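A.B. asks: compute the structure for the input listed below.
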Amino acid sequence: MAHDFPLFGDPSPASGDPSPASGDPFRAPGGTGLSREAVLAAVEARLLATFGEPSGRAAVTFLGADRIEVLRFGPDTEGLVRYTTLGMAAAPMADPTAAVADQVRGPRAELVLTVRGGRDSVLRTLATFAATPQVEGLVVAPGGSLDLGSPLWDGAPFTSVVAAEPGGLVEDLELADPADPVRFLPLLPMTPNEAGWKRVHGAAALQERWLQHGTDLRDPDRRGVPLD
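C.D. replies: Numbers count the residues shown, from 1 in each chain. As a prediction, this is how the structure comes out:
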């Protein structure tokens, strides 16, 4: 793994990025599949329309996988910083048991993490999570967990996240038929104890427990919710 920009440096797009194909803006040259560049341009446009101009961006490249970018937005007036991936939705997530991967149909997603005050060292974690469909054949969906096995950012009390239902922060992005829309999945950090409890009781039960206790899931230093 290597990041090929300075960590959250120049917020302008990388020079030399290809432009969307002419004609059908989502169609790849030759009419085969969807254009990766046009899909990601539309994803970025949706993020900018929702959160405004990014305050930083960086890119991470993994061996055997396409580049993943992470955009930083904020802090806003409440001190909230949002980190979003850009690159995960370029291709549909495929069932690893399928004999042939469909290059057009299938779920597409990007990830959104909100942290009060920001924690820029989460860059590598988000890029790792966003690359898992390419690297491990994982389909990331609401209610699913992603476990880093180490702190999500420097000094974090959390080692994993659960993906929440999309639509609350960023609306789904419709793509040209027959492609599935891009969904923007909020990530909710979990302490190791919460992650273990969630494996037994399920994501809905954990989120209900958070709600009952008024847990601020955007607090980077929060304690785990009581689980007794």
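A.B. asks: which stretches of the chain form strands?
C.D. replies: With DSSP state E as the criterion, the chain has strands at 2-3, 56-61, 68-73, 80-86, 108-116, 145-147, 160-163, 182-190.
A.B. asks: so for the closest residue to residue 127 other than its chain neighbours, what's the pLDDT?
C.D. replies: In this structure, residue 127 finds its nearest non-sequential neighbour in residue 60, 3.7 Å apart by C-beta to C-beta, 6 or more residues apart in numbering. To be clear about C-beta, it is placed using only N, CA and C from the backbone, and glycine gets the same treatment. In this prediction, residue 60 carries a pLDDT score of 89.
A.B. asks: I'd say residue 60 and residue 123 touch.
C.D. replies: Yes: using C-beta atoms under 8 Å, residue 60 is in contact with residue 123, at 7.0 Å.
A.B. asks: a markdown table for the strands of the chain, including distance to residue 174 and mean neighbour count?
C.D. replies: Below are the strands of the chain laid out as a markdown table (distance: least, C-beta to C-beta, whole Å; neighbours: other C-beta atoms under 10 Å):
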| stretch | distance to residue 174 | mean neighbour count |
| --- | --- | --- |
| strand 2-3 | 31 | 14 |
| strand 56-61 | 24 | 20 |
| strand 68-73 | 21 | 25 |
| strand 80-86 | 18 | 23 |
| strand 108-116 | 11 | 24 |
| strand 145-147 | 25 | 16 |
| strand 160-163 | 20 | 23 |
| strand 182-190 | 8 | 24 |
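A.B. asks: poorly predicted segments of this protein, please.
C.D. replies: 1-33, 95-103 (pLDDT under 70).
A.B. asks: tell me where it has helices.
C.D. replies: 36-51, 123-136, 192-201, 203-212 (DSSP state H).
A.B. asks: winner for burial among these?
C.D. replies: helix 123-136 (a mean of 21; mean count of other C-beta atoms under 10 Å).
A.B. asks: name the surrounding residues that touch that helix.
C.D. replies: Helix 123-136 is touched from outside by 1, 3, 7-8, 58, 60, 62, 64-66, 68, 70, 83, 85, 87-88, 91, 93-94, 96, 110-111, 113, 138-140, 146, 148, 152-153, 161, 187, with contacts defined as C-beta atoms under 8 Å, 6 or more residues apart in numbering.
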